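**Q** Build the 3D model from these lines:
(one chain, ligands or ions: 1)
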Amino acid sequence: MSQEFPLPMPTLARSPQGLLIEQVALTDIAARFGTPVYVYSRAALTEAFDAYRRALGARRSLVCCAVKANSNLGVLSVFAQLGAGFDIVSGGELARVLAAGGRADRVVFSGVGKSRTEMRQALEAGIRCFNVESAAELERLNEVAAQMGRTAPVALRVNPDVDAKTHPYISTGLKSNKFGVAFGEALALYRRAAALPHLRVCGIACHIGSQLLDAAPMAEAASRMLGLVDRLAAEGIRLEHVDLGGGLGIRYRDEAAPTVDAYLAPLLELFKDRPEELCFEPGRSLTGNAGLLLTRVEYLKPGEEKNFAIVDAAMNDLLRPSLYSGWHAVMEVVARDAPRRTVDVVGPICESGDFLARDRDLAVEEGDLLALLSAGAYGMSMSSNYNSRPRAAEVLVDGREIHLVRARETVESLYALECPLSSSRS
Ligand code: LLP
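**A** Below is the predicted model:
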């Protein structure tokens, strides 16, 4: 791949010192914090959020960042300070939002498997809405709320059965998916919810998939949602908000991802004269192109069929290539005047699936730094400790400043909760 492709990350730039993120050289970050390290740009996070705010204008709306895409407290705090809401899928994510200074009354709770403990935790905190995904969950939530003497605000996550035309692993709006309640069952379930004394029906939600590159399926889903809203209103069940989930795709390589404006335009048109508040749960489009993974080449290993650049990051740090054949641009941090070789960029993990990029033309030597771009979403949040690898550090750049927002894990911390058995049996 040529060096000259347009960078997908808005705050990354080439300079004589190598790549800069905002005003900081990636070489400085590597020198101070080591590698592998995730690097985020505050300006890019802010701009991505502002794009939603600008497009929504004066319309009553709430943008809830999907915490699963990037759950670092530093990143969440940037959004909290911008007045964002949050979309969570676990008690753990709720705790993170609160620790980052997010407001509970701007939290929506999605997910098919909410436990009683998580329901209690969310009711205690006073979240804005539970996006309920099944009949059984509706009954359980009513029960838990009753025990606490509370009323739970609910929306049903309705499966609109539209094809989001994305990778099957991240497509969620089809009948065959585990998510949401079937469109055909929604009316009956809303009637049930309205009759349960400890629930307050307040909205409707859907989420059809991720990395959407076409705005049409979302508009189709939204109009199906509105059909339901109107039928419910005719029965006296009035919804205050419509949550259209996340899903807007980003450019990793040469994808023509719609702008936030283009993505929202048909939806805003559809909702033009409607009183409902409009909510969104974007993840990737807020954080994806605000972050990169910085790694160092440990070895070059030329082979008969393939050349490998073995780096110090691996599939445990960035799983997307292995799991979804996700493509991330790889850039030399400091350009070198040397011949390019076609290499696979792989990690030290003992799996053939441990690759970060394949067949890239790079001019690299041992010890060089490489940046894997567009790694701000579903990067660190999907990382693991496989092969007992401490997780990477995370830093957030703000102008010239560098904030360490997660220290590199220590090996000891990996087994701090474990214990060996004593040698004698009792
Ligand atoms: N809301 C709900 C209910 C979701 O399930 C998701 C993502 C989002 C919002 C945020 O979607 P986004 O705006 O980020 O597309 N790990 C995969 C993506 C999984 C997405 C799961 N749900 C990847 O790395 O591509």
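**Q** And the helices in the chain, which stretches?
**A** Using DSSP state H, the helices of the chain run over residues 26-33, 42-56, 73-81, 91-99, 116-125, 135-148, 186-195, 216-234, 260-270, 284-287, 320-324, 411-414.
**Q** How confident was the prediction at I170?
**A** Here, the pLDDT recorded for I170 equals 58.
**Q** Compute the number of surrounding residues for the residue in the stretch 301-426 of the chain that the ligand sits nearest to.
**A** Going by CB to the nearest ligand atom, the ligand is nearest to Y378 of the stretch 301-426 of the chain, at 3.1 Å. (Glycine included, C-beta is placed from N, CA and C.) Residues lying near Y378 (other CB atoms under 10 Å) number 25.
**Q** Please give me every residue in contact with it.
**A** 68-70, 283-284, 288, 319-320 (CB atoms under 8 Å, 6 or more residues apart in numbering).
**Q** which ones among these come in contact with the ligand?
**A** 69, 283-284, 320 (CB under 6 Å from any ligand atom).
**Q** Which member of the contacts of Y378 is positioned nearest R14?
**A** G288 (20.4 Å; CB to CB).
**Q** quick one: contacts for the closest residue to F271 other than its chain neighbours?
**A** Closest residue to F271 in three dimensions, ignoring its sequence neighbours and counting by CB to CB, 6 or more residues apart in numbering: L278, at 5.6 Å. Residues in contact with L278, defined by CB under 8 Å, 6+ apart, are 56, 59-62, 241-242, 244, 267-268, 271.
**Q** How much space separates L278 from the ligand?
**A** 15 Å (CB to the nearest ligand atom, to the nearest Å).
**Q** now E143
**A** Counting by CB to the nearest ligand atom - E143 and the ligand are separated by 24 Å.
**Q** tell me the contacts of that residue?
**A** H198.
**Q** got a list of contacts for stretch 343-362?
**A** 1-2, 295, 298, 300, 306-318, 321-322, 327-328, 330, 332, 340-342, 364, 370, 372, 386-387, 389.
**Q** thinking G91 is in contact with A125, fair?
**A** No: with contact defined as CB atoms under 8 Å, G91 does not reach A125; the gap is 9.6 Å.
**Q** so what pLDDT did the nearest residue to D105 once chain neighbours are set aside get?
**A** Counting by CB to CB, 6+ apart, D105 lies nearest to R128, which is 5.3 Å off, once chain neighbours are set aside. At R128, the pLDDT value in this model is 98.
**Q** which residues sit in contact with R128?
**A** 62, 85, 104-108, 153.
**Q** likewise Q23?
**A** Contacts of Q23 by CB under 8 Å, 6+ apart are 397, 399-400.
**Q** Mind giving me the PyMOL select for these, buried ones only?
**A** With 16 or more other CB atoms under 10 Å as the burial test, the buried ones among the contacts of Q23 are selected in PyMOL as follows:
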select buried, resi 397
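**Q** what subset of the contacts of Q23 is also close to the ligand?
**A** Answer for the contacts of Q23 near the ligand: none qualify (CB under 6 Å from any ligand atom).
**Q** if you look at the contacts of Q23, which of them are in strands?
**A** The strands, defined by DSSP state E, take in V397 from the contacts of Q23.
**Q** Is it possible to get CSV of the contacts of Q23 that adds pLDDT and distance to G113?
**A** Listed next are those as CSV, based on pLDDT from 0 to 100; distance: CB to CB, whole Å:
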residue, pLDDT, distance to G113
V397, 98, 36
G399, 98, 41
R400, 98, 44
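**Q** Report the closest residue of the stretch 251-400 of the chain relative to the ligand.
**A** G283 (2.6 Å).
**Q** Within range of the ligand, give me the residues from the chain.
**A** Counting by CB under 6 Å from any ligand atom, the chain sits next to the ligand at 66, 69, 87, 110, 170, 172, 207, 210-211, 245-248, 281-285, 320, 324, 377-378, 382.
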